[in-house]
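S.K.: Fold the stuff below for me.
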Amino acid sequence: MTRFLVDCFGGDNPPAILRGVSMFKNNYPDAQVILVGNREKIFVICHENEIRLRNVEIINCEDHITGEDKPAEVLKAERNLSMTVGLNALVEKKADVFVSSGNSGALLVGTSLIVKKMPSVRRIAFATVIPKFKGQFLFLDSGANSDCQADMLEQFAEMSFEYAQKTMQIPNPKLGLLNIGTESHKGDLLRKQAFNLLESNREINFIGNVEPNSVFFNDCDILISDGFCGNIFLKTIEGMVKIYMKLMQNDEKLIDFLETQDHVYLNPKKFAEKSYSILLGASLPVIKLHSSVDGNGVFNFLRSYKL
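M.R.: So this is what the prediction gives:
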């Protein structure tokens, strides 16, 4: 079974992280989870929120990086940060995967310089699992690399194709390029160059350009983009989900009904549970959970994740 290192204080809601870990350990008592964070604060949060942690190791560290910190803060030697300590523990083979809901930029910098890239990989990319009408798709880059060249997008495609085959168990995943139209001549210079490279690449199953308004309904298993457009695309989705949830708050009967539904877009609270990012191209597994993930989301990720 996978051994997890979990950053307790990176995201918006440490009690949710601890509650999710508690749920996971209650259901899978033999699973190994190592918490990384301030031991005293962990105990206080558990006491205040009636969270019971059993047989869970804690790596104590005094501080954590916040959303306001600059990414390079994760590398300052004088700061004993949960993210830095966790990444180093991963390199030391204390577990199989490091999980954090913390500062995305810091996690990228820390992973690049502590865990390091796989041989021949030019850039680590955020590969985000996004629910669609039926199933899910792998989307990258969702924000790690704002400036990309066409051959970088081709490498993202090759990495994600192999990941989808081995980890998501899709024998021949369909891969598309995010663009403003489906025709091969559409898009800017980057999109046109990338299209030509992907179309001629016999190692992947390229199905052509995919428009953002159709990706949730087509058969695309992987969607490729540069990090700038990709992050805008991802944040637009998150914004629409937040609007939906805001509207729900005005109708208690509607809330009660929707919270009984299984589909992620009927029950928006499930979006954060089923959306997470893999730092694809890193030499060891590093996972970024949604910053607002709740306890159920943490539990569902831990029990479903496979190396």
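S.K.: Show the average pLDDT along stretch 196-211.
M.R.: Taken as a whole, stretch 196-211 carries a mean pLDDT of 96.
S.K.: What is the end-to-end distance of it?
M.R.: One end of stretch 196-211 to the other measures 17 Å (CA to CA, to the nearest Å).
S.K.: Identify all contacting residues around that stretch.
M.R.: 150-151, 153-154, 157-158, 161, 172-184, 186-187, 191, 195, 218-220, 223-224 (CB atoms under 8 Å, 6 or more residues apart in numbering). To be clear about C-beta, it is placed using only N, CA and C from the backbone, and glycine gets the same treatment.
S.K.: what ranges do the strands span in the protein?
M.R.: Taking DSSP state E as the criterion, the chain carries its strands at 4-7, 33-37, 57-60, 97-100, 125-131, 136-140, 174-178, 205-210, 222-224, 276-280, 286-289.
S.K.: What pairs with the fifth one, parallel or antiparallel?
M.R.: Think strand 125-131. According to DSSP bridges, strand 125-131 forms sheet pairs with strand 136-140 (antiparallel), strand 276-280 (antiparallel).
S.K.: Relative to Lys117, tell me which of those strands wins on proximity.
M.R.: strand 276-280 (9.7 Å; CB to CB).
S.K.: Format the CA atom coordinates belonging to that closest one as CSV.
M.R.: Taking Å, rounded to 0.1, in the frame of the first residue of the first chain, the C-alpha atoms of strand 276-280 are listed here in CSV:
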residue,chain,number,x,y,z
TYR,A,276,-6.0,17.5,-7.8
SER,A,277,-2.7,18.0,-9.6
ILE,A,278,0.3,15.8,-10.2
LEU,A,279,3.7,17.5,-10.6
LEU,A,280,4.4,15.6,-13.7
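S.K.: which residues sit against that strand?
M.R.: With CB under 8 Å, 6+ apart, strand 276-280 has contacts from 104, 107-108, 111, 124-129, 140, 142, 144, 156, 159-160, 163, 285-290, 293, 301.
S.K.: that older thread, among the contacts of stretch 196-211, which ones are buried?
M.R.: 150, 153-154, 157-158, 161, 173-179, 187, 191, 195, 218, 220, 223-224 (16 or more other CB atoms under 10 Å).
S.K.: Can you pull out the low-pLDDT segments for the stretch 1-150 of the chain?
M.R.: For the stretch 1-150 of the chain, the stretches with pLDDT under 70 are 77-78.
S.K.: follow-up on the earlier one: tabulate the strands paired with strand 125-131 (a markdown table), appending mean neighbour count and distance to Val33.
M.R.: Shown next, in a markdown table, are the strands paired with strand 125-131 (neighbours: other CB atoms under 10 Å; distance: least, CB to CB, whole Å):
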| stretch | mean neighbour count | distance to Val33 |
| --- | --- | --- |
| strand 136-140 | 24 | 25 |
| strand 276-280 | 24 | 16 |
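S.K.: Just put these in JSON lines and tack on distance to Ile243.
M.R.: Supplementary listing: the strands paired with strand 125-131 in JSON lines, determined by distance: least, CB to CB, whole Å:
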{"stretch": "strand 136-140", "distance to Ile243": "20"}
{"stretch": "strand 276-280", "distance to Ile243": "22"}
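S.K.: and this protein, what are its domains?
M.R.: 1-116+282-307, 123-278 (automatic domain parsing).
S.K.: Tell me which of the strands of the chain lies nearest to Val44.
M.R.: strand 33-37 (11.3 Å).
S.K.: which other residues reach that closest one?
M.R.: Contacts of strand 33-37 (CB under 8 Å, 6+ apart): 3-9, 14, 18, 21, 24-25, 42, 53, 56-61, 64, 82-83, 85-86, 89, 94-95, 302.
S.K.: hmm, 6 Å instead?
M.R.: Contact with strand 33-37 is made by 4-9, 21, 56-59, 82, 85-86, 95, as judged by CB atoms under 6 Å, 6 or more residues apart in numbering.
S.K.: Bridge partners for the residue positioned nearest the centre of the chain, pull those for me.
M.R.: Residue closest to the average C-alpha location in the chain (CA atoms, centre = their mean): Ser277, at 1.5 Å. When bridges are called by DSSP bridges, Ser277 pairs up with Thr128, Lys288.
S.K.: and the gap between it and Gly230?
M.R.: 11 Å (CB to CB, to the nearest Å).
S.K.: And Ile124, by the same measure?
M.R.: Taking CB to CB, one finds Ile124 at 14 Å from Gly230.
S.K.: How about Leu223?
M.R.: From Leu223 to Gly230 the distance is 9 Å (CB to CB).
S.K.: Quick check: phi and psi on the residue nearest to Glu73 when sequence neighbours are not counted?
M.R.: If the residues on either side of it in the chain are set aside, Glu73 comes closest to Ile65, at 5.6 Å by CB to CB, 6 or more residues apart in numbering. Main-chain dihedrals, Ile65, degrees, to the nearest 10: phi -90, psi 140.
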